[in-house]
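Asker: With the input below, show me the fold.
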Amino acid sequence: MGVTVCALAISVAGGTQALSQDAGPAYDWDGLFVGLHTGYGWSDTDVSRDRTRRGRTRNNFSTQLELDGLLGGIQVGYNYQHNDFVFGVIGDIALTGMSDSGASFRRPRRLTPPVSFESEYDWLATIRGRAGWLINDQTLLYAHGGLAIANMSTDFSSPARRVNSLSLSGNDTGWVAGAGIETALSDRVSIFAEYSHFDFGSGDSVTFGPGRRISTVTYSADNNPIDTIKIGVNFKLWRPGN
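Answerer: So this is what the prediction gives:
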């Protein structure tokens, strides 16, 4: 993925170099902007069911779901330019189609219904700082990082169990970091391509019991880091001096 992002950056930079030679005055990066983006995200979630009886724990099933899907949303931010360097802050939110589902038999040799499960990310949001270097007046290479929030849920269901359905859901907080390239098409419009890595460093679990046999059952969902690639467009609304 790193090679792909680098190749994209070199390609865009090369194309914009020729554009900048014919452009008139230097592009001014200062100001407030809003925009739209779309992209693709992927991650893994480890789901499991463990039973503990008389101090001994046995794993009934454990598997990994591969969540991936499209995403899209909006962003708003502010840039400050100092010579060939640009600093800024940006906030965004995106709805995602990242999901996966599966089913697992507790004991494959028995004709018991499987435990079904499904994990999904409903949305991702960030508040980030970013800093970059202008390779020419209209092309910015930048790194970014900051706070990330995600709404994630994992649902379990089985018609043959005392607990036939449950949901582990909520908002997770973590961090995000990455890099991107942005190119000005005009004094008011720019386009960008961006890679981001999210880490929430947490999992969810719920335990039921004791039951008739003095046992407990624990359902768990451990969420691994998320990676996304995005493309988008920004529209400058205001700049100092306007």
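Asker: Mean pLDDT per element in the protein, and the minimum belongs to which helix or strand?
Answerer: Using mean pLDDT, DSSP states H and E, helix 2-22 stands out as the lowest-scoring helix or strand of the chain, at a mean of 44.
Asker: what does the average pLDDT come to for the helix or strand following that helix?
Answerer: Using DSSP states H and E, the next helix or strand after helix 2-22 towards the C-terminus is strand 31-53. For strand 31-53, mean pLDDT is 91.
Asker: Same check on stretch 136-149?
Answerer: For stretch 136-149, the per-residue pLDDT averages 96.
Asker: Please save the CA atoms from that stretch in PDB.
Answerer: Written as PDB, here are the backbone C-alpha positions of stretch 136-149 (Å, rounded to 0.1, in the frame of the first residue of the first chain):
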ATOM      1  CA  ASN A 136       5.600  23.900  -6.000                       C
ATOM      2  CA  ASP A 137       3.000  26.700  -5.500                       C
ATOM      3  CA  GLN A 138       0.100  24.500  -6.100                       C
ATOM      4  CA  THR A 139       1.100  21.100  -4.800                       C
ATOM      5  CA  LEU A 140       1.300  20.200  -1.100                       C
ATOM      6  CA  LEU A 141       2.800  17.100   0.500                       C
ATOM      7  CA  TYR A 142       1.600  16.700   4.100                       C
ATOM      8  CA  ALA A 143       1.500  14.500   7.100                       C
ATOM      9  CA  HIS A 144      -1.500  14.400   9.500                       C
ATOM     10  CA  GLY A 145      -2.500  13.000  12.900                       C
ATOM     11  CA  GLY A 146      -4.800  13.400  15.800                       C
ATOM     12  CA  LEU A 147      -7.900  12.100  17.600                       C
ATOM     13  CA  ALA A 148     -10.200   9.500  16.000                       C
ATOM     14  CA  ILE A 149     -13.700   8.300  17.000                       C
END
